[in-house]
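Enquirer: model this:
(one chain, ligands or ions: 2)
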Amino acid sequence: MIAKVAIELRAKPVDRLYDYLIPEELQVQVGDCVEVPFGTRVVTGYILALESEKQAAQRELRPLLRLMTDQTPSLEPEMIEMMRFLKDRYLCTWGAALQTILPPVTRVKTSARYVLGEFATEAELGVALVAYLKRYKGATKKTLVDQFAINKRQLDTWLQQNVLRLDVSHRSRLGKRRVIAEGKQGEQAFELEVPLALSLAQEIAYREVCKALDQQVSQTFVLHGVTGSGKTEVYLQAIEYALRAGKTAMMLVPEIALTTQMMARFQRRFGARVAVLHSRLTDREKYEEWYRILRQEADVVVGARSAIFAPLRKIGLIVIDEEHEQTYKQETEPRYVVREVAEWRAKYHQAVVILGSATPSLETMYRVERGRYTLLSLPQRIGERALADVQIVDMREEFRKGHHSLFSQALTHALQEVLAKGEQAILFLNRRGYTTILLCRDCGEAATCPDCDISLTLHKVGGSSLLRCHFCGHTEPLREVCASCGSERIRQFGAGTQKIEQALFEQFPGIRVIRMDVDTTGKKGAHEQMLGEFERNEADVLLGTQMIAKGLDFARVTLVGVVAADISLHLPDFRSAERTFQLLVQVGGRAGRHEMPGRMIVQTFSPEHYAICAAKKQDYDQFYQTEMAVRKAMQYPPYTEITQFLIAHASEQVAYNIAYLLYEELQNELFGRNEVRILAAVPASIPRLRGVYRYQVMVLYTSFARVKEAITRVYRKMLAKAKSGVVITVDVNAQMLF
Ligand SMILES: Nc1ncnc2c1ncn2[C@@H]1O[C@H](COP(=O)(O)OP(=O)(O)OP(=O)(O)O)[C@@H](O)[C@H]1O
Ligand SMILES: [Zn+2]
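Expert: Ligands and ions are numbered 1, 2, ... in the order given. Okay, here's the model as predicted:
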């Protein structure tokens, strides 16, 4: 028999399965982790298939070296299928698929050291090298090349002559401990609460889901419920139903910050059988949770994006909460869409998917329209509480009237009222830092990152001011004079959360503010701590970026202020109107969720924009109809799907040439197909990032199945053709164009 092995490789053009002979003494199975020779190296890989020898290529094959199943888990059949799906749909490498499906801690790290071989002599190797290899028990390839100036060909020769020998050792990421460990002991006790009595609308939705669970055919529901309509209670009870039937369930939330609240809610319902998975856990935590799921000690998983790959068996129900969120798209290889993976797994397990949102993505609603998904609605808040009353403030008017504060009169009064009554407010601004643009009044130049085509954001750190690039992290001191003309007349535009915080302190003496953004939540546990403080009424205002926009449920919040609604409206992406509408409805949904009624004040320079008008009325249908007409006219998603190729290189000319070549190849492959549109090579939205130039080529099509082969072929061909230094990435079903 021949084993077909997936190996984690960096070079993409050679990404394929590799064939190895299976030595008689090895009992291997599909999914096993094995050690194999690869070039002059020894690496680990996973057996994805076994084949009889006849089918394999005629050339001579090398044998597998050994089984690693005592160190690392074997892939389950579903995992292998899932890897094939990821590869097929998102054109990723086997290695990327493998890394996605197994948590890093389960993968063994192999390190190889060159040690003295049987025929090592001082005459051959030199006195110094022999001494070094003796003293340090070998050396890495890097040391030999860098410190002893030995070239790679020489190394290979010495290996062949057994002057040197490779000593391979394995280390799990967790240090010396064996990877497969015992279960976690001393579970905490949970005080369980009973399910709430469902409202009529909740009951109808719940029954529909139960019916589908009984039928055991995969089906997707869209739970369209206004904010505070009790979607979560429906999820909880549907999950309970699935568990009672002996199935497992998964609950995905869009932000790691939300996992804590959701996890607490789930533990109150289901106790210790809940596991949590997200990327902020330590390696050890990740590994413990992963194994609890694998060993079937946990049958409910709460988590962010990557939790969709949790090793659950017998899945009955997958819930994706706030399904419209961008965070459900992975922006590195494999660039998967969580909803698609969920549907794939649901099909595999004959399970049910619930996509929940107050503002479903257009893609999702379009599928409802076409009959692929089933719509369930919760049109009202629990207890018939009113949605927040929305007031739109035209900031142009404010300026005309001579109010130049960051807070309009309406917002100022509302904040004063909240403070006077001892209630709480949420202030939302989708921009961190102090100010975002530094513009020279004389020459008009903006301060930009030297490596990226991005303007620098001013941050106040301690007592000093720093300019920072939000893409590459480049920092420099604040410039006193314009870099291009030397003028001292530099003006700051665009307030970020830091500046809002300062303005709050200045205008509302004694105000207690918690600021939550990427800059303040870097530490582990920071989210929980800040939300906890706000919950305990230790602050009057929670100020933050999109991480505070959704999911949060605080009883005392009666006011939500949106400082600048225009930021997301003017992003160079055709989804910007949709994002703005979703964001406004979500943020507004944080107010008045309990006894006290809530209001929202939205400051904008474009009060007449349809996204803002629809948000004022919280009218999803109106927004949907208007935006769909725009999308149809442009033949943009959901009427088509977009695959974006990005070509990056330090030389703009090289990047453009490759992009143009790629465009031509696509033209050749897809010529004359009227359901396909190929957009010419142009600079990407961010034309330069971290010092490299970026060009994009986009393909719009109505059916991926019909273009998949052509796109895959062109991508592989370009990878093979591209010289070193050229990075070509492909984003199938791109959600963000940047
Ligand atoms: N049947 C019910 N009876 C009483 N209270 C309920 C019921 N269902 C939900 N609630 C309560 O109503 C509030 C809102 O519910 P929930 O958080 O589930 O809404 P949601 O639709 O998920 O909200 P959002 O999308 O805005 O986060 C919660 O405090 C919840 O405990
Ligand atoms: Zn930069």
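Enquirer: which ones are touching the residue nearest to Val513 when sequence neighbours are not counted?
Expert: Excluding its sequence neighbours, the residue lying closest to Val513 (CB to CB, 6 or more residues apart in numbering) is Val541, at 4.8 Å. C-beta: built from backbone N, CA, C; applies to glycine. Residues in contact with Val541, defined by CB atoms under 8 Å, 6 or more residues apart in numbering, are 415, 424-427, 504, 511-514.
Enquirer: now the phi/psi pair for Val541, please.
Expert: phi -130, psi 130 (degrees, to the nearest 10).
Enquirer: same thing with Ser74?
Expert: According to degrees, to the nearest 10, Ser74 has phi -80, psi 160.
Enquirer: Gln161 too?
Expert: phi -80, psi 0.
Enquirer: then Phe574?
Expert: phi -70, psi -10.
Enquirer: can you give me the pLDDT of the residue nearest to Val513?
Expert: The model reports Val541 with a pLDDT of 97.
Enquirer: in the sheet, who's paired with it?
Expert: Ala425, Val513 (DSSP bridges).
Enquirer: next one: it from ligand 1, what distance?
Expert: Going from Val541 to ligand 1 by CB to the nearest ligand atom, to the nearest Å gives 20 Å.
Enquirer: how about Glu343?
Expert: Counting by CB to the nearest ligand atom - Glu343 and ligand 1 are separated by 22 Å.
Enquirer: what kind of secondary structure is that residue in?
Expert: helix (DSSP: H, G, I helix; E, B strand; the rest coil).
Enquirer: what sits against it?
Expert: 218, 220, 353.
Enquirer: so which of those is the most crowded?
Expert: Counting neighbours by other CB atoms under 10 Å, Val353 leads the contacts of Glu343 with 24 neighbours.
Enquirer: tell me which other helices or strands the host helix or strand of that one touches.
Expert: Remark: Val353 resides in strand 352-357, with elements defined by DSSP states H and E. For strand 352-357, the packing partners by 3 or more CB pairs under 8 Å, 6 or more residues apart in numbering; DSSP states H and E come out as helix 200-215, strand 219-225, helix 231-244, strand 315-321, helix 338-349.
Enquirer: wait, which of those is closest to Phe309?
Expert: Proximity to Phe309 (CB to CB) singles out helix 338-349 among these, at 7.4 Å.
Enquirer: so what are the domain limits for this structure?
Expert: 2-100, 111-172, 200-383, 385-432+496-632, 641-731 (automatic domain parsing).
Enquirer: which one of those is the most hemmed in?
Expert: Each of these was scored by mean neighbour count; the highest is domain 200-383, a mean of 21, by mean count of other CB atoms under 10 Å.
Enquirer: now that one, how far from the chain's geometric center?
Expert: With CA atoms, centre = their mean, to the nearest Å as the basis, domain 200-383 stands 16 Å off its chain's centre.
Enquirer: give me the average confidence score over that domain.
Expert: On average, domain 200-383 scores 94.
Enquirer: now swap in stretch 553-562 and tell me
Expert: 92.
Enquirer: end to end on it, go ahead and measure it.
Expert: One end of stretch 553-562 sits 17 Å from the other (CA to CA, to the nearest Å).
Enquirer: what's the separation between the residue lying closest to Met547 once chain neighbours are set aside and ligand 2?
Expert: The shortest distance from Met547 to any non-neighbouring residue, by CB to CB, 6+ apart, is to Ala257 (5.2 Å). Distance, Ala257 to ligand 2, by CB to the ion, to the nearest Å: 26 Å.
Enquirer: hmm, Ala3 is touching Leu17, no?
Expert: No. Counting by CB atoms under 8 Å, Ala3 does not reach Leu17; the two are 9.2 Å apart.
Enquirer: joint contacts of those two?
Expert: Ala49.
Enquirer: in contact with Leu571, which residues?
Expert: Leu571 neighbours (CB under 8 Å, 6+ apart): Arg579.
Enquirer: how about the residue of the stretch 151-300 of the chain found nearest ligand 2, phi and psi?
Expert: Per CB to the ion, Ser279 is where the stretch 151-300 of the chain lies closest to ligand 2, at 23.2 Å. Main-chain dihedrals, Ser279, degrees, to the nearest 10: phi -80, psi -10.
Enquirer: skipping adjacent residues, who's closest to it in space?
Expert: Closest to Ser279 by CB to CB, 6+ apart is Ser306, at 6.0 Å.
Enquirer: show me what contacts the residue in the stretch 301-450 of the chain positioned nearest to ligand 1?
Expert: Ranked by CB to the nearest ligand atom, the top residue of the stretch 301-450 of the chain for proximity to ligand 1 is Ile382, at 3.9 Å. Listed by CB under 8 Å, 6+ apart, the contact partners of Ile382 are 199, 228-230.
Enquirer: next one: Lys152
Expert: Here Lys152 is in contact with 141, 145 (criterion: CB under 8 Å, 6+ apart).
Enquirer: pLDDT wise, what is it at?
Expert: Taking Lys152 on its own, its pLDDT is 83.
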